[in-house]
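Colleague: pasting the sequence and the predicted model now:
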Amino acid sequence: MARMTGTAEKAAGPGLGSKFAKLWVANTTAALGTGLVTIAGPLFVASQTNDPLTVSAISVVTWLPWLLFTLPGGVFVDRVDRRRLMIRLDWGRFVIMTVLGVAILLGHAPLWLLFVALFLIQTGEVLFESASQSLVPALVPHQMLERANGWLIGGVVTTQQMIAGPLGGFLFVVAAAIPFLANAGTYAISAVLTALIPGTYRAVSSRSHGSAGAGVDGDTTNTSGATKADEGGLKAGLASVRSDISDGIRFLLSQRILRTMSLLLGILNITLFAGAAVLVLLAKERLHLQSLGYGLLFTCMAVGGVLGSTFGDRLIKRVTATWTIRGGLIVEAVTHLVLASSHNPYFVGLALFAFGIHGSLWVMVGMTLRQRLTPPEMMGRSASLNLFIIFGGNAIGALLGGVMAKHFGLAAPYWAGFVVAVIVAVSTWRVFNPAAMAQAHETPAHLRQQNDTDGTT
């Protein structure tokens, strides 16, 4: 484990530190396991039934927890020690996935068991993702947030989109249980690595930082007290969850850049997933691609995503966050235009490659803005609100894409996406002006105070 995290720390460059290296390896390993099951789950269902409704139910099970639990999950994350929450979630998911994998291995895994297991796993992912994003500002210096977020994005894109796809399919052919048991192993590795991160990472309001220093940087003398505090925080969170969610929404609405970015992402994700829902038909009927060619389109986007996450922090500093966002709006419009009009698979692949770069850069800028502008006691709710908007757009877009293509033709979702992207670009262009973005990138006092409290090196 020490060699693994040491290698990650060296590769990430100076300034990110060993704490972040452990988080990165933990997240990336867990993402690989999640990607394996993302491929193996539908394959297992399809091996049991040809009913389209049953096969599509796995997508419903995957998306539903994000719509049900993202907002209250953010409140929970803001009430407890985020590192300890991540550890407990990983061990819980390890148990669930081990039970499922063994059941499949023994040939006694009804489909309802798979659906229940995946629902619980995704519910844990809702909390884990919010906690992980909220933990990053306490682990790395303020000026290194872009690089840290770029590494996290690159790790997920590489493992889930480039490695897990072919590997998950191959392992499933060898034995259906292997991807599920491998996923259980990745959760165990993630739990161990996260446990090796020293410190206490419970969100504390800037008005009450005086009591936040206990247990920081590996001080275990107050472990039982911190555990009792976590339990008390959970009870308080359950009692006032609606009020806390309202506070999070009011905070988001009070921040012009953050609310515009969230609204922008929600709208564009509707059009993005409307197009993605019928992309397989576009590839087959217009581009005349077989299964391999269709898969290569996603590979083009994944390669772009990895490049964007690898060099994103340097590119963002060179062109500024303002032009990263504005340039991304142009890429969005051009990508939809190419998909709507082109019959050339190479042009489409190139457009998706550029979109992959843009997607990584946008996620880096968006995550960094939230981490810089959000006070520590709101970090979980801020992340969860953003995730709720994004995944809500995904679900709506997937439904609209099929309806539009059926009634108005295969190109309709992409023409709609082009028009929406142009309208969004024109209406939000001035919001992300250089002065506003420069002010957002200044180190807020509450983050400096949080870093002091959490012992960031």
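Modeller: Perfect, thanks for sending it.
Colleague: for S190, see how far away L36 is.
Modeller: Per CB to CB, to the nearest Å, L36 is found 14 Å from S190. Where C-beta positions appear, they are placed from N, C-alpha and C, glycine not excepted.
Colleague: please apply the same query to W429.
Modeller: From W429 to S190 the distance is 40 Å (CB to CB).
Colleague: neighbour count: the two, which is higher?
Modeller: S190 (29 against 13; other CB atoms under 10 Å).
Colleague: so that one is in contact with A30, correct?
Modeller: Yes - counting by CB atoms under 8 Å, S190 does reach A30; the two are 4.1 Å apart.
Colleague: got any residues that touch both of those two?
Modeller: Listed as contacting both S190 and A30 by CB atoms under 8 Å, 6 or more residues apart in numbering are D90.
Colleague: give me the pLDDT value at L369.
Modeller: On the pLDDT scale, L369 is placed at 85.
Colleague: typo on my end, it should be G213
Modeller: 34.
Colleague: same question for E9.
Modeller: At E9, pLDDT is 50.
Colleague: same deal with Y201?
Modeller: According to the model, Y201 scores 86 on pLDDT.
Colleague: what's it sitting at in phi/psi?
Modeller: Backbone torsions of Y201, given as degrees, to the nearest 10, read phi -130, psi 50.
Colleague: count of neighbours near it?
Modeller: 25.
Colleague: and it, what is it in contact with?
Modeller: Applying CB under 8 Å, 6+ apart to Y201 gives the contacts D81, R82, R83, L135, A138, D454.
Colleague: if you look at those residues, which of them are in helices?
Modeller: In helices, judged by DSSP state H, the following of the contacts of Y201 are found: R82, R83, L135, A138, D454.
Colleague: turn those into JSON lines, columns for distance to Q290, neighbour count and pLDDT.
Modeller: Conversion of those to JSON lines gives the following (distance: CB to CB, whole Å; neighbours: other CB atoms under 10 Å; pLDDT from 0 to 100):
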{"residue": "R82", "distance to Q290": "45", "neighbour count": "26", "pLDDT": "91"}
{"residue": "R83", "distance to Q290": "46", "neighbour count": "23", "pLDDT": "94"}
{"residue": "L135", "distance to Q290": "43", "neighbour count": "26", "pLDDT": "89"}
{"residue": "A138", "distance to Q290": "48", "neighbour count": "26", "pLDDT": "87"}
{"residue": "D454", "distance to Q290": "52", "neighbour count": "22", "pLDDT": "44"}
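Colleague: L281: which of those is nearest?
Modeller: For those, the closest approach to L281 (CB to CB) belongs to L135, at 40.6 Å.
Colleague: wait, that closest one touches R84, no?
Modeller: No - assessed by CB under 8 Å, L135 is found out of contact with R84, at 10.9 Å.
Colleague: contact partners for Q161?
Modeller: Contacts of Q161 (CB under 8 Å, 6+ apart): G35, F298, T299, M301, A302, G305.
Colleague: again, but for I163
Modeller: Applying CB under 8 Å, 6+ apart, the residues near I163 are L32, G35.
Colleague: then the one 5 residues further on?
Modeller: For G168, the residues meeting the contact criterion (CB under 8 Å, 6+ apart) are G35, L36, V37, T38, I39, A40, P179.
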